[in-house]
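Peer 1: give me the fold of what follows.
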Amino acid sequence: MDATQEEFANPFGMDPDCENCPELCDRRDRVVHGYGDVGAEFLVVGERPTAAAERNGIPLTGEGGGERVQSIFADLGFVRSPADAAEPDVQNVFFTNLTRCRHPEREPTDEEVATCEPFLNAEIRMINPQIIVAVGDRALRELAVAYTTRRPDSFDVEAEHATTIRGRGFEIVPMREPDSMSDEEAAAFVEHMRENVLSRDYRQTKGRRSR
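Peer 2: Residues are numbered from 1 along each chain as shown. Have a look, this model is predicted:
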């Protein structure tokens, strides 16, 4: 944790009562902003809060997919608490989503993703990560538009799970949807991170351009 950081939850003080998407305001329980180490070299980006993450108020936590993500990053040494912790104890990692509110019956619209984009842009700018882990197909495609020269439709998160994609100023490591990830796929992601990311000087990617 950065020496001046006082808490992991919403450390940049983003609007907890955002009303930019009226339909989501009527259906959400709360706004779920980013969580983690503001000096992190690793940024993990999902699509939207799950029901469990919304209850916790913390992205990529809770039963199912959230526990899988927390378990993976615990294996890598970034999470020091149990996988089912509602408020993980983390180091060198920051968890966030494309969108901050959950509609209980559908995925985010393109307009909602675009409306939330300034929140994500601000987190990326202030954290300035070395590696971004894109969780799921939607997060991978959205990040690809901004940070690679490939067409968004050329990405397949299942095929590119546990690989490294060169981005503009940092690298993107795709992760398939954690709630449908097998134990073998989780192990493959951990192995890739250990052998192909953490074992080398990934800091050479510094110099990311702003989105």
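
Peer 1: if I pick the most centrally placed residue in the chain, what's in contact with it?
Peer 2: Compute the mean C-alpha point of the chain, and by Cα atoms, centre = their mean the closest residue is residue 45, 1.8 Å away. Shown in contact with residue 45 (Cβ atoms under 8 Å, 6 or more residues apart in numbering): 96, 97, 98, 120, 132, 133, 134, 135, 139, 143. Bear in mind the C-beta positions are built from the backbone N, C-alpha and C, glycine included.

Peer 1: so it is in which element?
Peer 2: Per DSSP states H and E: residue 45 is located in strand 42-46.

Peer 1: pairing partners for that strand, with directions?
Peer 2: strand 93-97 (parallel), strand 131-135 (parallel) (DSSP bridges).

Peer 1: kindly reformat the ones you listed as CSV containing mean pLDDT and mean neighbour count.
Peer 2: CSV is the format used below for the strands paired with strand 42-46 (pLDDT from 0 to 100; neighbours: other Cβ atoms under 10 Å):
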stretch, mean pLDDT, mean neighbour count
strand 93-97, 98, 26
strand 131-135, 98, 26
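
Peer 1: please export the C-alpha coordinates of the strand holding residue 45 as CSV.
Peer 2: C-alpha atoms of strand 42-46 as CSV (Å, rounded to 0.1, in the frame of the first residue of the first chain):
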residue,chain,number,x,y,z
PHE,A,42,-1.2,-4.9,-11.5
LEU,A,43,-4.7,-3.7,-12.3
VAL,A,44,-7.5,-6.2,-12.6
VAL,A,45,-10.5,-5.1,-14.7
GLY,A,46,-13.8,-7.0,-14.8
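
Peer 1: now residue 100, what's its secondary structure?
Peer 2: coil (DSSP: H, G, I helix; E, B strand; the rest coil).

Peer 1: and it, how many neighbours?
Peer 2: 30 (other Cβ atoms under 10 Å).

Peer 1: that one reaches residue 30, doesn't it?
Peer 2: No - assessed by Cβ atoms under 8 Å, residue 100 is found out of contact with residue 30, at 9.2 Å.
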